[in-house]
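Asks: pasting a predicted model and its sequence here:
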Amino acid sequence: MLYNFNLEISSIEDDPFTVSKDDPFNNYFYINFHYNQVNFPLHTNASNSSFDYKTTITRTLLIPSNILCNCNEITILDREDNIFLHDSFSSVPISSHILKEILPEIGEYAREMVADDDDECRNMWEIDVNLDVTTWYVEDNDVVKAILVVDRLKKVGMDDSSCYYNDQCTICLEEFFNGSKSEHVMTKCLHVFHKECIFQWLKRCISRQSSLSCPLCRNNQIL
């Protein structure tokens with residue numbers, strides 16, 4: 001299975017929560033979690049694939065601020081220290097790989113939100129978290145998987161160069177030029193690469209079981 005995702009986090013400041021110090025939900029984060037997953041069945045003998053199914057789930061999660069703010073790229077590696085977080089998100093069908101990537105980002109946002117809060121009376125915070133996940137189910141072969149993804153990227157020519165965000169392939173560091181025999185493809189984030197270069201990059205992402213990200217901006221939604 002291949003996947004990529006897009007995570008958006010925003011705070012809700014219009015109506016701040018204030019509860020008594022004796023309230024059991026004192027110092028909690030109130031998270032409106034919106035999860036959207038689209039699954040593509042990819043087949044090597046099919047040029048166009050349609051949606052298999054789409055899953056949309058909304059959950060309200062209450063997370064103690066000390067637990068959420070303590071979550072970062074290091075602490076998330078210890079499963080025992082994050083049992084509460086994993087249990088809280090267990091009602092949403094998120095893969096463990098994606099969960100390990102998004103929880104540190106949510107934790108960082110929570111830390112910044114608490115640190116920047118000028119309201120001394122506030123002891124509860126509300127945030128919106130939107131997670132869009134796209135998955136592809138393909139045969140268990142890294143090369144085939146990479147080919148299928150590359151073939152879905154938009155093919156571009158040098159006459160479109162004015163629309164590019166970059167004037168060289170940031171993987172091999174060669175500049176794009178007219179007359180080049182190399183094919184060029186563009187990601188959803190409008191970054192252009194040699195087709196062979198992005199193929200090798202995606203193959204490494206797949207072998208490491210990491211998300212399919214853009215080599216330049218690390219955007220997790222390249223298609």
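Replies: Nice, thanks for sending it over. Residues are numbered from 1 along each chain as shown.

Asks: drop to CA atoms for contacts and neighbour counts, all remaining ones
Replies: OK.

Asks: count the neighbours of Leu173 for me.
Replies: Leu173 has 10 neighbouring residues, counting by other Cα atoms under 10 Å.

Asks: so it is in which element?
Replies: Here Leu173, judged by DSSP states H and E, is contained in no helix and no strand.

Asks: list the contacts of it.
Replies: By Cα atoms under 8 Å, 6 or more residues apart in numbering, the contact list for Leu173 is empty.

Asks: Leu7 now?
Replies: Leu7 neighbours (Cα under 8 Å, 6+ apart): Ile102, Val129, Asn130, Leu131, Asp132.

Asks: and Cys172, by the same measure?
Replies: Cys197.

Asks: one more: Met186?
Replies: Leu153, Lys154, Lys155, Val156, Val192, Phe193.

Asks: surely the first one and Leu223 touch.
Replies: Yes - taking Cα atoms under 8 Å as the definition, Leu153 is a contact partner of Leu223 at 6.4 Å.

Asks: what residues are shared contacts of these two?
Replies: Thr187, Lys188.

Asks: coming back round to it: in helices only, show me the contacts of Leu7.
Replies: Using DSSP state H, the members of the contacts of Leu7 that fall in helices are Ile102.

Asks: helices or strands next to the lowest-mean-pLDDT helix or strand in the chain in the packing?
Replies: Least confident helix or strand of the chain, by mean pLDDT, DSSP states H and E, is helix 142-150 with a mean of 78. Here helix 142-150 touches helix 195-207, going by 3 or more Cα pairs under 8 Å, 6 or more residues apart in numbering; DSSP states H and E.

Asks: could you say what helices and strands the helix it packs on packs with?
Replies: Helix 195-207 packs on helix 142-150, going by 3+ Cα pairs under 8 Å, 6+ apart.

Asks: and the contacts of Leu7, which of them are buried?
Replies: Ile102, Val129, Asn130, Leu131, Asp132 (16 or more other Cα atoms under 10 Å).

Asks: bridging residues for the third one?
Replies: Applying DSSP bridges to Asn130 gives these bridge partners: Glu8, His34.

Asks: tell me who's in contact with it.
Replies: With Cα under 8 Å, 6+ apart, Asn130 has these contacts: Leu7, Glu8, Ile9, Phe33, His34, Tyr35, Asn36.

Asks: how far out from the middle of the chain is the helix or strand containing Ile106?
Replies: Per DSSP H and E: Ile106 is located in helix 96-115. Computed by Cα atoms, centre = their mean, to the nearest Å, the chain-centroid distance of helix 96-115 equals 12 Å.

Asks: try stretch 105-120
Replies: In this view, stretch 105-120 has its centroid 21 Å away from the chain centroid, taken as Cα atoms, centre = their mean.

Asks: need the residues that contact that stretch.
Replies: Ile9, Ser11, Ser65, Leu68, Cys69, Asn70, Cys71, Asn72.

Asks: go again with 6 Å.
Replies: For stretch 105-120, contacts defined as Cα atoms under 6 Å, 6 or more residues apart in numbering pick out Leu68, Cys69, Cys71.
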